[in-house]
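Q: Structure for the following, please:
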Amino acid sequence: MVAVSQYPSLIKKIIEEYAAVPSAVGEIETEVIIDEAKGHYELMRSGWVNGRRIHGALIHVDIRGDKIWIQHDGTESGVANELVELGVLKTDIVLAYQPPYKRVYTAFAVA
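A: So this is what the prediction gives:
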């Protein structure tokens, strides 16, 4: 089990690992945005692929109280799964991108 005080470093570790992977297509820039004082962690991608503008979050995670709220997860493996592998309890992770009525059917926290 991981202490709440360790959440920021675990989230940063995951985001930085994804940020280190270059885009396979187009001219995509990666930007890590962290506001640790307010508990916001994002990995943004922006650029151009075949003349089409790309801009948005690949990962967006917030820490609210003693829970990790995954607002957006554009990864294949799943940020929640990676956090669990690092020792975070499923009951401390909220899949915020799921509507509240669906969260009760997951092994993760409802809120």
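Q: Relative to its centre, which residue of this protein is most distant?
A: Gly51 (27.6 Å; CA atoms, centre = their mean).
Q: Return the distance of it relative to Tyr105.
A: Gly51 sits at a distance of 41 Å from Tyr105 (criterion: CB to CB, to the nearest Å). In short, each C-beta sits where N, CA and C put it, glycine included.
Q: Repeat that for Ala20.
A: Counting by CB to CB - Ala20 and Tyr105 are separated by 34 Å.
Q: longest strand of the protein?
A: In the chain, taking DSSP state E as the definition, the longest strand is strand 52-64.
Q: which helices and strands sit right next to that strand?
A: When contacts are defined as 3 or more CB pairs under 8 Å, 6 or more residues apart in numbering; DSSP states H and E, strand 52-64 packs onto helix 7-19, strand 40-49, strand 67-73.
Q: Downstream of the shortest one, the next helix or strand is which one?
A: Spelled out, it's strand 67-73. Note on strand 67-73: by DSSP states H and E, the next helix or strand toward the C-terminus is helix 79-85.
Q: Packing partners of that next one?
A: Partner elements for helix 79-85 (3+ CB pairs under 8 Å, 6+ apart): helix 7-19, strand 67-73, strand 93-94.
Q: Mind listing the strands the second one pairs with, and their directions?
A: Sheet pairing for strand 67-73, assigned by DSSP bridges, gives strand 52-64 (antiparallel), strand 93-94 (parallel).
Q: now those as JSON lines including distance to Met1?
A: What follows is those, written out as JSON lines (distance: least, CB to CB, whole Å):
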{"stretch": "strand 52-64", "distance to Met1": "16"}
{"stretch": "strand 93-94", "distance to Met1": "13"}
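Q: Sweet, I'm off.
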